[in-house]
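In: Turn this into a model:
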Amino acid sequence: MAKLIGPPQRHTNPLVWCLAIICTIIAIAVIIAGIVVFVGYLIIGPKIPFISVTSAHLDQFLFDQAGLLSTRITIVIHAENDNRKAHASFSSVDCTLSFQNLQIAYLRSGAFDVGKNSSVDFNYIVESSSIPLGPEQMDMVTESIRTNKISFDLNGSSRTRWRIWVLGSAKFVCHLQCKLHFNVANRTTTPLHCTSRAK
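Out: As a prediction, this is how the structure comes out:
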């Protein structure tokens, strides 16, 4: 009786099996790491640090017939880290104070840290003297004096980063765009709503 002879059986190279096992282990490790990060994020609930203006005062406001404006403004910028388990670092704070699109001062600070669930205040005394104004800007100042209300624009940003050992680190940019409205007579500001915090 004749025997049927099939094709020779091919054996998988052991190296291929090793590579398959290694890839499987890596895939499982990535999945586990993703689950750990996701669960950690839900448990810790990290928040984005933010900056805001908490106080502003018009210390001096002088305007002469030659169209020269002199001002001194005290501004308090507040950096806050609401995270109870994450330390926050701010690379810097860079802001520009302007009047009717005329830049009159820069507010800057170097890098600084804010501890867990903590905050830091920066007090700026912004003084600008003999600022030449154009006709339109002079009209705005005259109108502001008449209505007893003058406004300045404060725009800036800060780069911040928080780090948690399980979740790693995350970087954000805080943008600050606000108007500072002052009462010309008593030099006080109207209620402030100036923050980079998401609403």
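
In: Specify the local secondary structure of residue 144.
Out: Three-state secondary structure (criterion: DSSP: H, G, I helix; E, B strand; the rest coil) places residue 144 in helix.

In: neighbours around it, how many?
Out: When neighbours are counted by other Cβ atoms under 10 Å, residue 144 registers 18. Using the backbone N, CA and C atoms, a C-beta is placed for each residue, glycine as well.

In: Residue 114 now?
Out: Neighbours of residue 114 (other Cβ under 10 Å): 20.

In: what about the closest residue in space to it that isn't next to it in sequence, distance to residue 174?
Out: Leaving aside its chain neighbours, residue 114 sits nearest to residue 81 (4.1 Å; criterion: Cβ to Cβ, 6 or more residues apart in numbering). For residue 81, the distance to residue 174 equals 11 Å [Cβ to Cβ, to the nearest Å].

In: The residue nearest to residue 114 pairs with what?
Out: Counting by DSSP bridges, residue 81 forms beta bridges with residue 118.

In: didn't it look like it was pressed against residue 163?
Out: No. The pair residue 81 / residue 163 is not scored as a contact, 11.5 Å apart, by Cβ atoms under 8 Å.

In: Between these two, point out the one with more neighbours.
Out: For residue 81 versus residue 163, the count of surrounding residues by other Cβ under 10 Å is larger for residue 81: 24 against 14.

In: hey, where'd the helices end up in the protein?
Out: Counting by DSSP state H, the chain has helices at residues 14-44, 135-147.

In: Same list (these) but as JSON lines, adding distance to residue 63 and mean pLDDT.
Out: Output for the helices of the chain, formatted as JSON lines (distance: least, Cβ to Cβ, whole Å; pLDDT from 0 to 100):
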{"stretch": "helix 14-44", "distance to residue 63": "52", "mean pLDDT": "78"}
{"stretch": "helix 135-147", "distance to residue 63": "5", "mean pLDDT": "88"}
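
In: Residue 89 is nearest to which of the ones you listed?
Out: Nearest to residue 89, of all these, is helix 14-44, at 17.5 Å by Cβ to Cβ.
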